[in-house]
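J.: sequence first, predicted model second:
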Amino acid sequence: MNPLNPLKAAGMALSRLYHRRMSTKPVDTAIELSRVRRLVRSGHARRIREEAQLSQGEVAKIVGVTSAAVSRWESGDRMPQGEAAIRYGELLRSLL
């Protein structure tokens, strides 16, 4: 049996989180955005991605943004916004 590649595994984990979230109480968006931004500012977001052996392009594809957006988030030039930030945070948590 071949192990799943990191992109497929991360996508599956994000899908499970999404469906679980839809079946339970809604996420408090302000709290979620705060958590994601804290991960990005501290540099932990990049570390989590690298430890999962995912490229910025793979993360971008899962989250639904461009790889340039992920690069700007990780470099601190920009902070994730809205639904993309929530999806990014869910992905990062799934990779822990």
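T.: That came through fine.

J.: low-confidence ranges in this structure?
T.: 1-27 (pLDDT under 70).

J.: go again with 80.
T.: Within the chain, the ranges that satisfy pLDDT under 80 run 1-28.

J.: helices of that one, residue ranges please.
T.: 6-23, 29-42, 44-51, 56-63, 67-75, 82-95 (DSSP state H).

J.: make TSV out of those and add mean neighbour count.
T.: Where C-beta positions appear, they are placed from N, C-alpha and C, glycine not excepted. Formatted as TSV, these follow (neighbours: other CB atoms under 10 Å):
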stretch	mean neighbour count
helix 6-23	14
helix 29-42	15
helix 44-51	16
helix 56-63	20
helix 67-75	18
helix 82-95	20
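
J.: give the contact list for the most centrally placed residue in the chain.
T.: What sits nearest the mean C-alpha location of the chain, by CA atoms, centre = their mean, is residue 88, with 2.5 Å. Residues in contact with residue 88 (CB atoms under 8 Å, 6 or more residues apart in numbering) are 36, 45, 59, 63, 70, 73, 80.

J.: pretty sure residue 36 is touching residue 89, no?
T.: Yes - look at residue 36 against residue 89 with CB atoms under 8 Å: they come within range, at 3.8 Å.

J.: mutual contacts of those two, please.
T.: residue 80.
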